[in-house]
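got a structure for you, letters missing:
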């Protein structure tokens, strides 16, 4: 694992971690995305639901959805 990739997993600063594919620490970008979405739900309820779906779709396809801003 290179240093850039290792930096995404804080546990690697203090331990050697062998992922056994059942439970593993998520990388920092995943934690930040989940926190952002939960913060949005806490503040706005489901008002931004279409935006969440657009982000998910663009992550899966690599495409940007123009309707996400409507």
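Yep, that arrived. Being a predicted model, the structure only gives us computed values, none of them experimental.

only C-alpha atoms from now on, for both contacts and neighbour counts.
OK.

report the buried residues of stretch 46-61.
By 16 or more other C-alpha atoms under 10 Å, the buried positions in stretch 46-61 come out as 51, 54.

residue 38: how many residues sit nearby?
Counted with other C-alpha atoms under 10 Å, the neighbours of residue 38 add up to 13.

mind checking how far it is from residue 46?
Distance from residue 38 to residue 46, counting by C-alpha to C-alpha, to the nearest Å: 11 Å.

helices of this structure, start to end?
Here the chain has its helices, by DSSP state H, at 3-6, 28-44, 49-61.

quick one: distance of stretch 47-66 to the chain centre.
13 Å (C-alpha atoms, centre = their mean, to the nearest Å).

residue 47 versus the residue nearest the centre of the chain, what's the distance?
Centroid-nearest residue in the chain, with C-alpha atoms, centre = their mean: residue 30, separated by 2.7 Å. Noted for residue 30: a distance of 22 Å to residue 47, by C-alpha to C-alpha.

same question, residue 37
If you measure residue 37 against residue 47 using C-alpha to C-alpha, the figure is 12 Å.

over to residue 11?
In this structure, residue 11 and residue 47 are 35 Å apart, going by C-alpha to C-alpha.

kindly report the same for residue 38.
Computed as C-alpha to C-alpha, the residue 38 to residue 47 distance reads 13 Å.

on contacts alone, who are the packing partners of the worst-scoring helix or strand of the chain on mean pLDDT?
Least confident helix or strand of the chain, by mean pLDDT, DSSP states H and E, is helix 49-61 with a mean of 79. Judged by 3 or more C-alpha pairs under 8 Å, 6 or more residues apart in numbering; DSSP states H and E, helix 49-61 is in contact with no other helix or strand.

and the angle from it to helix 28-44?
Angle of helix 49-61 versus helix 28-44, following axes from the mean of the first three to the mean of the last three C-alpha atoms, to 10 degrees, is 170 degrees.

before we move on, the earlier item: rebuild the helices of the chain as CSV, extending it with distance to residue 17.
Shown next, in CSV, are these (distance: least, C-alpha to C-alpha, whole Å):
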stretch, distance to residue 17
helix 3-6, 11
helix 28-44, 15
helix 49-61, 27
